[in-house]
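In: no FASTA, just this:
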């Protein structure tokens, strides 16, 4: 895909995703304060990377079903996890992407409930959005439930907090084992959910699962790199925030250039995996992953 | 059913439910602290009313599928809501059923994550437990997601907190509108989930939904009565705890005998609804509801 074609396609998908988010975030019978907190938290979102990955995986295999409700469900789960991670009892973050976090804009109780509401609502959206195809619906739900459950997203956050509270320097291996559950698992589920919407995609679920983990790792390392080379405006969080504690970043571990090389190498592995599926339209997903790599090079 | 037969059947069902809970609460790949917090919170549970209602509705219509995974899923959602309701930012309860609450036994972060984990895990259990019947699985998920979502369980809690923080005396109508979402909606979903496991039950879902709301109301009023006539050992919470704030209880509103009459009248309505379904085996569910009524008479 040419750069121009990719950025056009990106905008089209982002617009579709935002409309679908808006559509699901209109609540008739939800307390106003709760609806506001949920909507504000979701709408403060960034590039919609996970929905784009899902739509990209769907496109790659020329899926039949509409990928958008699933893309929204994944974004709501991601948003819920950010709201709860930011809580005073957890990471205690007042800002995210330069905006006040949910418990600051509202209060702690509202933030806890907004997260809870988004998590449950994600499953409601899947059950409504894929009502006419129960086999697909149950497959989507299983993937999303597992990725957001106690072994993955929640368990990763638990271990992350235990590490943060510790007094020992943590190894990069331990950090990556946490990130695999906090980021990689949802990336994998997202790609598998998109791929699952066609027969050829269903045949490639193991590859898509592995792709999610690899891309998740590249994404995390890139995040550490951006944290150093970026500034607050670019990433929405204070530069060097990760350097203050005992958790080494990828840049601490491998140096700035070493981390960049890792991102490039892992992205190359991602490309290989993508092409190994011999899917009809891998271009968008491939370019999406390359664009992430290019941000740090 | 004779009293003896009911209490025998009750014990059999309770034993089955506990075994099924134990079976699902063994985690291989979940951080030890998180697994402990989830298990402790679930195992501190009481009579397992919701699972018993689900099993009772299943038996009433002679359902085919195994009701136990669904019964566990419902109990985990109930437990998650208790853990989060008890948090310092919400009701700030140090004790539940005479035991330290999750954030006291562990800490706030762990309690938030244990609740999150249980909610997501409930959907994972449904997707695993009913894998071979996708239509049933999706039906169960839709009911559970809706009942635990922002319009129901979470929205009810949001409004409850807003009321508690207010300085105005609240009307009984407002309280009941909250309880309908915090208790009635999950009761309805529970009964519908059990009924959904047979053709004749699926034909009676509107009645079962209404039954859940009515029984939820009777249950709440009975709870207020027990709060007055009971003692800490019996109910596990301080006598008269509800009298300290601006939320009138059913006993404040109608007096002790008036509240008892309400419980009896609503339970009678429940009986009528149950029998109107002409189901083959309504006895256990009927006796379960009568036993709740009899506790306050």
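Out: Sure thing, it's come through. Just so you know, these numbers come straight off a predicted model, no measurement behind them.

In: Now the lengthiest helix in chain A: average pLDDT?
Out: When chain A is parsed with DSSP state H, its longest helix is helix A:250-276. For helix A:250-276, the mean pLDDT works out to 95.

In: which secondary structure elements does that helix contact?
Out: helix A:205-229, helix A:283-294 (3 or more CB pairs under 8 Å, 6 or more residues apart in numbering or on different chains; DSSP states H and E). Any C-beta I mention is one placed from the backbone N, CA and C, and that applies to glycine too.

In: Tell me which of the ones you listed sits nearest to chain B.
Out: Nearest to chain B, of all the helices and strands packed on helix A:250-276, is helix A:205-229, at 15.0 Å by CB to the nearest CB.

In: now check the closest one, is it near chain B?
Out: No: counting by CB under 8 Å from any CB of the partner chain, chain B is not contacted by helix A:205-229; separation bottoms out at 15.0 Å.

In: hmm, back to that, most packed of the helices and strands packed on helix A:250-276?
Out: helix A:205-229 (a mean of 21; mean count of other CB atoms under 10 Å in any protein chain shown).

In: the inter-axis angle of that one versus helix A:250-276?
Out: Counting by axes from the mean of the first three to the mean of the last three CA atoms, to 10 degrees, helix A:205-229 lies at 150 degrees to helix A:250-276.

In: how about the longest helix of chain A: buried residues?
Out: Buried residues in helix A:250-276, counted by 16 or more other CB atoms under 10 Å in any protein chain shown: A:250-251, A:253-254, A:259-260, A:262-263, A:266-267, A:270-271, A:273-274.

In: and the angle from that helix to helix A:283-294?
Out: Going by the same axes, to 10 degrees, helix A:250-276 makes 160 degrees with helix A:283-294.

In: Tell me which residue is most central in chain A.
Out: residue A:50 (4.5 Å; CA atoms, centre = their mean).

In: So what's the gap between the helix or strand where residue A:16 lies and the chain middle?
Out: Using DSSP states H and E, residue A:16 sits within helix A:3-24. Remark: helix A:3-24 is offset 16 Å from the chain centroid, using CA atoms, centre = their mean, to the nearest Å.

In: Let me know the angle separating it from helix A:283-294.
Out: 100 degrees.

In: Packing partners of helix A:3-24?
Out: By 3+ CB pairs under 8 Å, 6+ apart, helix A:3-24 packs against helix A:49-60, helix A:68-86, helix A:283-294.

In: Same list (those) but as TSV, adding mean pLDDT.
Out: Compiled in TSV, those are given as follows (pLDDT from 0 to 100):
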stretch	mean pLDDT
helix A:49-60	98
helix A:68-86	98
helix A:283-294	96
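
In: In space, what's closest to residue A:13 - neighbours in sequence excluded?
Out: Leaving aside its sequence neighbours, residue A:13 sits nearest to residue A:55 (CB to CB, 6 or more residues apart in numbering or on different chains; 5.1 Å).

In: Let me see the contact set for the one you found.
Out: Counting by CB atoms under 8 Å, 6 or more residues apart in numbering or on different chains, residue A:55 touches A:13, A:16, A:17, A:67, A:68, A:71, A:194, A:284.

In: And for residue A:266?
Out: Contact partners of residue A:266, counting by CB under 8 Å, 6+ apart, are A:214, A:215, A:217, A:218, A:221.
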